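*Asks:* only geometry, no sequence info:
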């Protein structure tokens, strides 16, 4: 749908953060039966970052990425009205955004978590835009951060080779319609296939002896790689085309394709289905792997930092993953 609103949304700054510890494919081959060649051929990933340390959490990465974005525009955290933290690996199941707010000293900001796994950043951008465009808030900090290394089964070759930890942040602000950068969006969910990628709650076999109450725990990530590949390659191009069509933008007008960094084969297959040159794909999964909600803002910040994105470029952003959820946001870069 189009963003029909009283105000526009502009992007002020981006930031990112990754852990110092690197885990290479050769190191993984000592944990499970695999090889650097096998992983690179099938995923495009060479290494990933892991958050090491008992006292380290998603809050640390989210805070670091946010501080970097704030510092680029010399903005005081007190100017932030709302913080949305897209994460599926909170430090507290009641929410981690409030702890990020406290660490940033963004005392005027409302803060909440948004859980949509690899689609989380796209949904958060859309959510933030609604608040800005209807005049509820003026300045919003959106963070995508995940530390899925804490939820990986390191004996499962199908999943342990894919995921890494990281965070990315973006600061959005309301503006006049003529300066609007968030042109439109398209979102989807199909819960019928949630089991293809999940981190499920499991009950203990025996109930509480007095209450007959079954309690439990969250298990590790499980994934049906073949089904996720088929889902992404079939549905993501449709979402992009539907969004572009609603905006009267042609595929030829796309300057950059910024997809969730799940697997290089998925990224190239989506581009081919759209007849978009692979030279237009923004990609860094070779260095970081699949960082879930962090993957899109990590690529965005890196591309901006190195001057890859130019003023007035049309960027098609698409996230997809657990839920199953997927969606597209089209941005016109102006800063």
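*Replies:* Okay, I see it. Quick caveat: nothing in here was measured; it's all calculated off a predicted structure. Residues are numbered from 1 along each chain as shown.
*Asks:* show me the residue at the heart of this structure, geometrically.
*Replies:* residue 293 (2.3 Å; C-alpha atoms, centre = their mean).
*Asks:* do you know how far that one is from residue 81?
*Replies:* According to C-beta to C-beta, to the nearest Å, residue 293 stands 21 Å off from residue 81. For the C-beta atoms, the positions are set from N, CA and C on the backbone; glycine is no exception.
*Asks:* ok, residue 302 touching residue 16?
*Replies:* Yes: counting by C-beta atoms under 8 Å, residue 302 touches residue 16, with 6.8 Å between them.
*Asks:* more neighbours, those two?
*Replies:* A direct count of neighbours by other C-beta atoms under 10 Å for residue 302 and residue 16 places residue 16 higher, at 28 against 18.
*Asks:* once you drop chain neighbours, what's closest to the more buried one?
*Replies:* Of all residues not flanking residue 16 in the chain, residue 301 sits nearest, at 4.0 Å (C-beta to C-beta, 6 or more residues apart in numbering).
*Asks:* repeat that for residue 191.
*Replies:* In this structure, residue 191 finds its nearest non-sequential neighbour in residue 323, 6.6 Å apart by C-beta to C-beta, 6+ apart.
*Asks:* tell me the mean pLDDT for the helix or strand residue 111 falls within?
*Replies:* If you go by DSSP states H and E, residue 111 is part of strand 110-114. Regarding strand 110-114, the rounded mean pLDDT is 98.
*Asks:* can you list contacts of it?
*Replies:* Here strand 110-114 makes contact (C-beta atoms under 8 Å, 6 or more residues apart in numbering) with 81-87, 90, 95-98, 100-101, 120, 123-124, 127.
*Asks:* partner strands of it and their direction?
*Replies:* Strand 110-114 pairs in its sheet with strand 82-86 (parallel), by DSSP bridges.
*Asks:* after the partner strand, which helix or strand is next?
*Replies:* Downstream of strand 82-86, the first helix or strand assigned by DSSP H and E is helix 97-104.
*Asks:* what's the mean pLDDT across that next one?
*Replies:* Rounded mean pLDDT across helix 97-104 is 98.
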